[in-house]
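Novice: prediction below, plus the sequence it came from.
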Amino acid sequence: MAPYAKELRVASLAVQRATLLTQRVFHEKVKGTELKSDKSPVTIGDYGAQALIIAAIRHNFPDDAIVGEEDSSSLQDNTDIRSQVWNAIKSTRLSSESAEKELGGSIKNEQAMLAAISAGSSTGGSKGRFWALDPIDGTKGFLRGGQYAVCLALIVDGEIEVGVLGCPNLPVDDQASFSADISDAEGHQRGVLFAAVRGHGATSQALSDDDLKQPKAIQMKSPPSLADATFCESVEADHSSHGDQAAIANKLGITKPSVRMDSQSKYGSIARGAGDIYLRLPVSQSYEEKIWDHAAGVLIVAEAGGIITDIKGKKHDFTQGRTLKKNKGVVAAAKNLHADVLKAVQEVLDAKQ
Ligand SMILES: Nc1ncnc2c1ncn2[C@@H]1O[C@H](COP(=O)(O)O)[C@@H](OP(=O)(O)O)[C@H]1O
Ligand SMILES: [Mg+2]
Ligand SMILES: [Mg+2]
Ligand SMILES: [Mg+2]
């Protein structure tokens, strides 16, 4: 059996189930968005997806630690939000009974739901197994009806071994034109699951497939020249500097406008050859990137043949706890472009100092 086959299967089904919850929360316009202490939003969808995924991991791998973005502290007193999360969870099941059973079935009650959410409090580190979980990455994109991703990765002794991204609003077709805009995907079926196991390549498949047994290999594209390349970057200008990105594009002779897209959908997109370069350029020097914002996407891009480093050219270090405190930013590109892109990034950023 291929390495990590069970982990890949459980992670894929757990992400698929969580995307059903997030889509329902979005379409039923379930209100109940809170602001966290850093003023970032968290929704019923974030809490519900975290609970469902952690319950599935604990059923299958009870000894594994979990580094999840959300915690349940604000749900302890807020009974209104808590019961909305519970309602969303209760009504979310995979249509395949056998797959639902593989995940351990439903969560038993509200207490078990809170316990599952709280179980994402591991501090990670350099030893043993843990899962990095972002139940909704791009919460702002999710709220806008844009791109978002449900992200799960298994890290073993500091190496990312398995990565899964569920992107409900990206087109299924790997050849569809590269855009964050959902209306551009009209006529395209939407909802794609990207996955990778270290050393075994990256795949995509339709999120709607009941049994998730039809992954297709994906590959990064190598554009003939830098001038033909397409950049992507965050929508949020305080997550990645749009101005620095434009200066870097200019230096490289790239004239096509960048594609702005929320979430790790950017990693999935370049991995399937829809775009060529993803830059995340620090705005604040003190911000530490979170491991759950990158782990799954970094493996998927690497396994699709891309190169990913931070802005200094260093590999991202997932052994440092809940954040990537030893790294700044992201430079992800096809193999034939990465060195030139990194050089331009450094020239532009150095010139600012
Ligand atoms: N100042 C900052 N710099 C970089 N990333 C930030 C940031 N503040 C928040 N983020 C992260 O950016 C993520 C979204 O990335 P993107 O801009 O690529 O869509 C957020 O994930 P969540 O939406 O899961 O909270 C959040 O963790
Ligand atoms: Mg968040
Ligand atoms: Mg995130
Ligand atoms: Mg999130």
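Specialist: Happy to help now that I have it. Ligands and ions are numbered 1, 2, ... in the order given.
Novice: please enumerate the strands of this structure.
Specialist: Listed in chain order, the strands of the chain (DSSP state E) span 34-35, 41-42, 65-68, 129-137, 149-156, 159-171, 190-197, 202-206, 216-218, 231-233, 259-260, 277-280, 306-309, 330-334.
Novice: ok, residue 308 to residue 280 distance?
Specialist: Going from residue 308 to residue 280 by Cβ to Cβ, to the nearest Å gives 10 Å. (Glycine included, C-beta is placed from N, CA and C.)
Novice: oops, could you answer that again for residue 183 instead?
Specialist: 26 Å.
Novice: which one of those two is surrounded by more residues?
Specialist: residue 280 (23 against 6; other Cβ atoms under 10 Å).
Novice: got a list of what the more buried one touches?
Specialist: 233-234, 239-240, 289, 329-330 (Cβ atoms under 8 Å, 6 or more residues apart in numbering).
Novice: which pLDDT value goes with it?
Specialist: What the model reports for residue 280 is a pLDDT of 98.
Novice: in the sheet, who's paired with it?
Specialist: For residue 280, the beta-bridge partners are residue 330 (DSSP bridges).
Novice: quick check: residue 349 touching residue 244?
Specialist: Yes - counting by Cβ atoms under 8 Å, residue 349 touches residue 244, with 6.6 Å between them.
Novice: what touches both of those two?
Specialist: residue 281.
Novice: could you pick out the longest helix of the chain?
Specialist: Assignment by DSSP state H gives helix 5-27 as the longest helix of the chain.
Novice: count of residues packed around the closest residue to residue 238 other than its chain neighbours?
Specialist: Closest residue in space to residue 238, ignoring its immediate chain neighbours: residue 283 at 5.3 Å, by Cβ to Cβ, 6 or more residues apart in numbering. By other Cβ under 10 Å, the residues close to residue 283 number 17.
Novice: show me what contacts residue 283?
Specialist: By Cβ under 8 Å, 6+ apart, the neighbours of residue 283 are 237-241.
Novice: ok, so of these, who is nearest residue 50?
Specialist: residue 239 (20.8 Å; Cβ to Cβ).
Novice: got the contact list for the closest one?
Specialist: Residue 239 neighbours (Cβ under 8 Å, 6+ apart): 280, 283.
Novice: is any part of the longest helix of the chain close to ligand 1?
Specialist: No - Helix 5-27 does not reach ligand 1 (Cβ under 6 Å from any ligand atom); its nearest approach is 11.9 Å.
Novice: ok, now which ones touch the residue in the chain that ligand 3 sits nearest to?
Specialist: The chain approaches ligand 3 most closely through residue 137 (3.5 Å), counting by Cβ to the ion. For residue 137, the contacting residues are 148-151, 263-264, 292-293, by Cβ under 8 Å, 6+ apart.
Novice: distance of the residue lying closest to residue 89 once chain neighbours are set aside relative to residue 229?
Specialist: Closest residue in space to residue 89, ignoring its immediate chain neighbours: residue 48 at 5.2 Å, by Cβ to Cβ, 6+ apart. According to Cβ to Cβ, residue 48 and residue 229 sit 38 Å apart.
Novice: so for these two, which sits in the more crowded spot?
Specialist: Between residue 48 and residue 229, counted using other Cβ under 10 Å, the more crowded position is residue 48 (32 against 23).
Novice: please report the distance of that one from residue 152.
Specialist: Using Cβ to Cβ, residue 48 is found at 15 Å from residue 152.
Novice: before we move on, what about residue 192?
Specialist: Distance from residue 192 to residue 152, by Cβ to Cβ: 15 Å.
Novice: hang on, the earlier thing: and the contacts of residue 280, which two are the farthest apart?
Specialist: 233 and 289 (14.5 Å).
Novice: what about these two, which has more around it?
Specialist: Under the neighbour definition other Cβ under 10 Å, residue 233 and residue 289 were set side by side, and residue 233 has more, 26 against 19.
Novice: is it true that the more buried one touches residue 277?
Specialist: No - applying Cβ under 8 Å as the test, residue 233 and residue 277 come out as separate, 9.1 Å apart.
Novice: residues of this structure that sit close to ligand 1?
Specialist: 40, 69, 134, 136-139, 141, 234, 236, 238-239, 262-263, 283-284, 287, 290, 293.
Novice: so which other helices or strands are in contact with the helix or strand bottoming out on mean pLDDT in the chain?
Specialist: Across the helices and strands of the chain, mean pLDDT, DSSP states H and E gives its lowest value to strand 34-35, namely a mean of 89. Where contact means 3 or more Cβ pairs under 8 Å, 6 or more residues apart in numbering; DSSP states H and E, strand 34-35 is packed against strand 41-42.
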